[in-house]
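> Take a look and give me a structure for this.
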Amino acid sequence: MTGSEPADERVALIPTAVLPPGPAHRRAPGSQAGAATPTSTPATASGGAGAGLVLGGPGGLGGQDPPPPRPLVDSVGDIAVLRPRRRYRDGGEVPGAHVDLIDALPRTDDDPEVGQRASWPTVAAWLRAGKTAATRRGRLADLVMFVRWLAATAPGAGLWQVDEDVVVAYLDELGTGSERAAQLTRGGRVLGAATLARHLSTLKSLYGYAVRRRVITYSPAQFVEPPEVGKAGTTPALNLGEAAALLRGAQAIAPRYPVDAATVVLLATVGLRAGELESLTVGRIRRSAGHWVMSFRLKGGKTILVPLAAEAMNLLRPLLADRTAGELVLLREDGRSFD
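Model prediction:
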């Protein structure tokens, strides 16, 4: 698939990723070749909050096919940290259009188009399985871009009809700012190697999850080679004078904007990622061996303690006063989490 076909033409993708044969397609002992024994019919379920619990599968109960993913929500917007934002400052955490697009994925086979495979329950369960707010939001944003590209490139094709060539074409267009990918980035902006690697990692995660849950038989992204990403960062570092000026500026605005000031100082002195900063709770800041420290969770799950500079603690103390350990440190005046 080159992506050069007119937008109004439907491009057929060969559904190479399909469910493993269910009981209705397995041959009974002594039956003729090609004959099917209709022992049971796999049910399709929306996976929403009201879906019934199905048990079974190899290694499970009853020797039946494994149950499909069940996210136990009716919308991906019901998942924590994925509330849709419909208007300015309404408390939403992600664009409402993103939630609507994912919620429009088929919830049952042949819905909304004949021949489609249900993908929403798996996607919703995969999003909910993300361990952090940053992971869930990043997965949603990356998948939205892929779904939009797929709809423009191969109208009518579902997520489970994607093969390796489709994934390669998608990354190639993002990396060159060409074809339909140019409409998804800012003015056809070419994405860097690190961003391309993240998009591929998202697809590997989704399709790997679907394989593990036995929704599909193989991952079309499994053997796609990621671009080489340099170890040296591209963001220019502040020199000592600039860093000192930044800290002085934060201290100057602290009386009027205490949360903003504390945020700047934490970013400058500790190096928190944005998602970690948003989810920072009071209990993660404490005294240890005579120093103020913050527990810092690295990628991979390892937790370390990082000393806090006196400048940071001077700005954090008013935000920690009379707060419980589970409360967020950085809150807006209206009580919403700092974004």
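
> hey, let's count contacts and neighbours off CA atoms from now on
OK.

> burial of Thr303, as a residue count?
Per other C-alpha atoms under 10 Å, the neighbour tally for Thr303 reads 11.

> got it, and Ser219?
Neighbour tally, Ser219, other C-alpha under 10 Å: 23.

> For Tyr207, see how far away it is.
Here Ser219 is placed at a distance of 5 Å from Tyr207 (C-alpha to C-alpha, to the nearest Å).

> got the residue ranges for the strands in this structure?
Counting by DSSP state E, the chain has strands at residues 84-85, 94-95, 285-288, 291-297, 303-307.

> Identify the residues contacting the residue nearest to Leu171 when sequence neighbours are not counted.
Nearest residue to Leu171 in three dimensions, chain neighbours excluded: Leu196, at 6.6 Å (C-alpha to C-alpha, 6 or more residues apart in numbering). Leu196 makes contacts with 171, 174-175, 226-227, as judged by C-alpha atoms under 8 Å, 6 or more residues apart in numbering.

> would TSV of those with neighbour count, pLDDT and distance to Ala157 be doable?
Shown next, in TSV, are the contacts of Leu196 (neighbours: other C-alpha atoms under 10 Å; pLDDT from 0 to 100; distance: C-alpha to C-alpha, whole Å):
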residue	neighbour count	pLDDT	distance to Ala157
Leu171	21	95	18
Leu174	26	93	19
Gly175	20	91	23
Pro226	17	92	24
Pro227	16	90	26
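
> Now render those as JSON lines, adding distance to Arg189.
Shown next, in JSON lines, are those (distance: C-alpha to C-alpha, whole Å):
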{"residue": "Leu171", "distance to Arg189": "13"}
{"residue": "Leu174", "distance to Arg189": "8"}
{"residue": "Gly175", "distance to Arg189": "9"}
{"residue": "Pro226", "distance to Arg189": "19"}
{"residue": "Pro227", "distance to Arg189": "17"}
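
> Okay, and which of these map to helices?
171, 174-175 (DSSP state H).

> nearest to Trp126, of those residues?
Leu171 (21.4 Å; C-alpha to C-alpha).

> Identify the farthest-apart pair in the contacts of Leu196.
Once C-alpha to C-alpha is applied, the contacts of Leu196 give Leu174 and Pro226 as the farthest pair, at 12.9 Å.

> how far away is Leu240 from Val144?
Distance from Leu240 to Val144, by C-alpha to C-alpha: 40 Å.

> Tell me the buried residues in stretch 203-216?
In terms of neighbour count (16 or more other C-alpha atoms under 10 Å), stretch 203-216 has its buried residues at 203-211, 214-216.

> so which of the contacts of Leu196 comes closest to Thr135?
Of the contacts of Leu196, the one sitting nearest to Thr135 (C-alpha to C-alpha) turns out to be Pro226, at 19.2 Å.

> mind listing what that closest one touches?
Residues in contact with Pro226, defined by C-alpha under 8 Å, 6+ apart, are 196-197, 200.

> Quick one: those as a markdown table, columns for distance to Arg70 and pLDDT too.
Formatted as a markdown table, the contacts of Pro226 follow (distance: C-alpha to C-alpha, whole Å; pLDDT from 0 to 100):
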| residue | distance to Arg70 | pLDDT |
| --- | --- | --- |
| Leu196 | 30 | 95 |
| Ala197 | 29 | 95 |
| Leu200 | 25 | 97 |
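
> can you pull the pLDDT of the residue lying closest to Met313 once chain neighbours are set aside?
Leaving aside its sequence neighbours, Met313 sits nearest to Trp292 (C-alpha to C-alpha, 6+ apart; 7.6 Å). On pLDDT, Trp292 comes in at 91.

> and Trp292, bridged to which residues?
Assessed by DSSP bridges, Trp292 has beta-bridge partners Arg287.

> What is the neighbour count of it?
17.

> likewise Asp111?
Neighbourhood size, Asp111 [other C-alpha under 10 Å]: 14.

> Hmm, it is touching Ala104, no?
No. Counting by C-alpha atoms under 8 Å, Asp111 does not reach Ala104; the two are 9.6 Å apart.

> Mind listing the shared neighbours of those two?
With C-alpha under 8 Å, 6+ apart as the test, Asp111 and Ala104 reach no residue in common.

> follow-up on the earlier one: CSV for the strands of the chain, including distance to Trp126?
Listed next are the strands of the chain as CSV, based on distance: least, C-alpha to C-alpha, whole Å:
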stretch, distance to Trp126
strand 84-85, 18
strand 94-95, 17
strand 285-288, 31
strand 291-297, 22
strand 303-307, 24
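
> Can you tell me which of those is packed in deepest?
Comparing the strands of the chain by mean neighbour count (mean count of other C-alpha atoms under 10 Å), strand 84-85 ranks first with a mean of 20.

> In CSV: the buried residues of stretch 203-216, plus pLDDT and distance to Pro307.
Shown next, in CSV, are those (pLDDT from 0 to 100; distance: C-alpha to C-alpha, whole Å):
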residue, pLDDT, distance to Pro307
Leu203, 98, 37
Lys204, 98, 36
Ser205, 97, 34
Leu206, 98, 37
Tyr207, 98, 40
Gly208, 97, 38
Tyr209, 96, 37
Ala210, 96, 41
Val211, 95, 42
Arg214, 93, 45
Val215, 94, 46
Ile216, 94, 47
